[in-house]
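Enquirer: attaching a predicted model along with its sequence, questions to come.
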Amino acid sequence: MSKDRLSEVLEDWEAVIGLEIHTEITSSKTKMFCGCPVDFGGEPNTRVCPVCLGMPGALPVPNEYAIEATVLAGLAIDCDIAQWSQFHRKNYFYPDMPKDYQISQYDLPFCHGGHLDIEVGDGDAAYTTRIGITRIHLEEDTGKMIHVGGSEGRISGATHSLVDFNRAGTPLMELVSEPDIRTPEEARRFAQTLRSIWLALGVSDCNMEEGSMRVDANVSVRRRGDTEFGTKAEIKNMNSFKALHDGVAYEIVRQAELIESGGRVVQETRHWDVGAKRTSALRSKEEAHDYRYFPEPDMVPFQFSVEWIESIRARLPELPAARKERYRSDYGLSDYDAGVLVNDPALGVCFEDAVEIAGAARAKAVANLVINDLAALLNAEGDEGAAVTPAMIAELVTLVDDSVISSKQAKEVFAEMAQTGEAPGAIVELKGMKQVSDADAIEAVVDGVLAAHPDEVASYRGGKTGLIGFFVGQVMREMRGQGNPAVVNEVLRRKLG
């Protein structure tokens with residue numbers, strides 16, 4: 001869907017978007033109602049027991065940690081915490097739900113209300129908008145279906161289906177937003193901002209590729225100026241932030257064009273096809289009464305005291321918005337750099353630890369190294385990048401700042417320490433990389449280079465000042481890259497006149 005076409009549609013139509021974000025509490029050691037371990041992958045159907053398989057007579061025992069994590073998540077986005085809550089049975093029949101019902105929450109969730117402020121756009125076009133939160137409730141995840149023979153795991157065209165119940169029963173938070181989102185970019189920023197908060201809390205790894213964070217979007221359109229909501233369609237299978245943006249954008253245009261051509265939008269669930277970049281009808285959308293909710297008979301309701309809720313609130317860490325502002329105000333980082341460090345807790349921790357060693361005055365240099373070099377290493381090598389420690393980063397930045405090595409040499413040192421785990425100073429000594437800053441020593445080399453290239457000297461003095469780069473390169477070659485570039489430039493310009 002082109003940006004131009006979307007912009008054209010949004011001139012006459014307003015999108016009304018609400019998100020449902022399902023997040024597995026992967027930090028929990030066990031499932032929601034049994035002692036089976038929580039872990040991604042593994043041999044199918046090996047992390048199961050009579051409880052998560054729904055065997056007759058097997059009784060659920062609620063996971064205390066998962067409940068506390070859900071309440072912590074709610075407090076982080078200013079939700080009200082219910083002092084009286086309970087689980088319900090959500091009845092439906094599908095092969096990935098072994099009990100033929102899901103233990104979930106209905107009208108009495110743990111968290112309700114709240115809001116999330118998101119920053120959208122850049123530069124002069126940037127703005128902040130507040131998105132309301134309807135609820136966060138806790139439930140058990142379903143199993144995983146694999147449709148064999150179809151395209152992209154879909155039922156259509158499949159010859160048969162396989163079911164893996166390892167995931168069934170994993171604690172799953174579902175956040176439902178108010179329909180306050182108006183553009184695909186706002187939808188993307190909302191999900192990204194929420195992910196950064198969940199990561200800061202440590203409740204989930206939020207890995208969208210592995211399905212531990214899944215986003216569904218309810219989308220409708222209405223004419224500009226109208227107040228009534230249009231008929232909504234729910235979009236599923238958006239397993240990246242880009243897919244969320246593109247899926248919502250496509251659906252906005254599809255619905256507007258459908259109405260303009262005399263058709264009408266049908267309330268249904270639609271599948272986002274990444275390859276075709278379009279949505280397609282999956283099934284009619286169920287209403288709440290279709291699930292025949294009723295209180296879970298095998299568990300008593302929950303009563304939370306004010307003291308207990310406040311004890312959970314006391315666990316709240318510094319949240320991403322506050323941390324981002326601190327990075328900007330205390331260290332002078334740009335919005336972009338601060339945002340990258342906030343959105344990746346591992347990078348943020350490494351940055352802060354390195355700055356503590358190197359000093360706040362070197363914070364920008366540390367941030368550049370972490371965001372560019374270390375992030376690239378971790379993306380390429382995964383855990384192998386762990387050989388680079390904050391102390392190494394601090395030492396490398398200090399070596400450059402003290403003119404012991406050049407920024408170009410620092411790239412070589414970083415690659416070496418990532419491979420060997422050796423400290424930067426030791427690598428510099430071993431390879432004889434110490435930068436030469438002595439003006440007299442550099443002047444001797446400069447004199448030799450100028451004497452060897454009289455024609456270029458004459459051209460420079462005749463107005464071709466761009467040749468300064470040629471002379472710098474010749475001097476650096478003679479000094480095997482160890483000349484201080486600033487001093488080399490200063491000496492050359494003085495000698496050339």
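Expert: Yep, that arrived.
Enquirer: give the contact list for His22.
Expert: By Cβ atoms under 8 Å, 6 or more residues apart in numbering, the residues touching His22 are 141, 172-174, 213-216. In short, each C-beta sits where N, CA and C put it, glycine included.
Enquirer: count residues in the vicinity of the nearest residue to Ala217 once chain neighbours are set aside, would you?
Expert: Of all residues not flanking Ala217 in the chain, Ile235 sits nearest, at 4.8 Å (Cβ to Cβ, 6 or more residues apart in numbering). Ile235 has 24 neighbouring residues, counting by other Cβ atoms under 10 Å.
Enquirer: which helix or which strand is home to Ile235?
Expert: Element membership for Ile235, per DSSP states H and E: strand 233-238.
Enquirer: show me where pLDDT drops low in the stretch 351-497 of the chain?
Expert: 382-386 (pLDDT under 70).
Enquirer: could you measure from the residue found closest to Ser437 once you drop the neighbours it is linked to in the chain over to Val445?
Expert: Leaving aside its chain neighbours, Ser437 sits nearest to Asn484 (4.1 Å; criterion: Cβ to Cβ, 6+ apart). To Val445, Asn484 is 12 Å away according to Cβ to Cβ, to the nearest Å.
Enquirer: only the buried residues of stretch 292-312, if you could.
Expert: 293, 296, 299, 304, 309, 312 (16 or more other Cβ atoms under 10 Å).
Enquirer: quick check: the fifth one touching Ile81?
Expert: Yes. Counting by Cβ atoms under 8 Å, Ile309 touches Ile81, with 5.0 Å between them.
Enquirer: any shared contact partners between those two?
Expert: In contact with both Ile309 and Ile81: 71, 75, using Cβ under 8 Å, 6+ apart.
Enquirer: sorry, back to before: now find how far off-centre the strand holding Ile235 is within its chain.
Expert: Here strand 233-238 is found 20 Å from its chain centre; the criterion is Cα atoms, centre = their mean, to the nearest Å.
Enquirer: again, but for stretch 360-368
Expert: Distance, centroid of stretch 360-368 to centroid of chain: 23 Å (Cα atoms, centre = their mean).
Enquirer: what's in contact with that stretch?
Expert: Contacts with stretch 360-368, where a contact means Cβ under 8 Å, 6+ apart, come from 330-333, 337, 341, 351, 354-355, 358, 393-394, 397-398, 400-401.
Enquirer: what residues sit buried inside that stretch?
Expert: Judged by neighbour count using 16+ other Cβ under 10 Å, the buried positions of stretch 360-368 are 362-367.
Enquirer: so which of the buried residues of stretch 292-312 are in helices?
Expert: The members of these that map onto helices under DSSP state H are 309, 312.
Enquirer: distance to Gln86 and pLDDT for the buried residues of stretch 292-312 - can I get that in CSV?
Expert: Shown next, in CSV, are the buried residues of stretch 292-312 (distance: Cβ to Cβ, whole Å; pLDDT from 0 to 100):
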residue, distance to Gln86, pLDDT
Tyr293, 11, 94
Glu296, 7, 96
Met299, 7, 95
Phe304, 12, 97
Ile309, 17, 98
Ile312, 19, 98
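Enquirer: quick one: buried residues of the helix or strand hosting His147?
Expert: Using DSSP H and E, His147 sits in strand 144-148. Neighbour-count burial for strand 144-148 flags 144, 147 (criterion: 16+ other Cβ under 10 Å).
Enquirer: which elements pack onto that strand?
Expert: Counting contacts by 3 or more Cβ pairs under 8 Å, 6 or more residues apart in numbering; DSSP states H and E, strand 144-148 is packed against strand 160-164.
Enquirer: got the contact list for the helix or strand just after the strand it packs on?
Expert: Scanning forward in sequence from strand 160-164 by DSSP H and E, the next helix or strand is strand 171-177. Residues from elsewhere that reach strand 171-177 (Cβ under 8 Å, 6+ apart): 18-25, 28, 31-32, 38, 63, 66, 69-70, 73, 104, 116, 131-141, 190, 194, 203-204.
Enquirer: all helices for the stretch 351-497 of the chain, in order.
Expert: 363-368, 375-381, 390-401, 407-420, 424-431, 439-452, 454-461, 468-478, 485-496 (DSSP state H, counting those that start in this stretch).
Enquirer: list the contacts for the residue nearest to Ala217?
Expert: Ile235 is in contact with 216-219, 247-248, 251, 269-272, 279, counting by Cβ under 8 Å, 6+ apart.
Enquirer: need these in TSV with secondary structure, distance to Gly263 and pLDDT, can you?
Expert: Listed next are these as TSV, based on DSSP: H, G, I helix; E, B strand; the rest coil; distance: Cβ to Cβ, whole Å; pLDDT from 0 to 100:
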residue	secondary structure	distance to Gly263	pLDDT
Asp216	strand	23	97
Ala217	strand	21	98
Asn218	strand	19	97
Val219	strand	16	98
Gly247	helix	20	97
Val248	helix	20	97
Glu251	helix	14	97
Thr269	strand	18	94
Arg270	strand	15	95
His271	strand	19	94
Trp272	strand	20	95
Thr279	strand	15	95
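Enquirer: any of these buried? List them.
Expert: Judged by 16+ other Cβ under 10 Å, buried ones among the contacts of Ile235: 216-219, 247-248, 251, 269-272, 279.
Enquirer: using a markdown table, lay out those residues together with distance to Glu178.
Expert: Shown next, in a markdown table, are the buried ones among the contacts of Ile235 (distance: Cβ to Cβ, whole Å):
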| residue | distance to Glu178 |
| --- | --- |
| Asp216 | 15 |
| Ala217 | 13 |
| Asn218 | 11 |
| Val219 | 14 |
| Gly247 | 20 |
| Val248 | 16 |
| Glu251 | 19 |
| Thr269 | 20 |
| Arg270 | 21 |
| His271 | 25 |
| Trp272 | 22 |
| Thr279 | 23 |
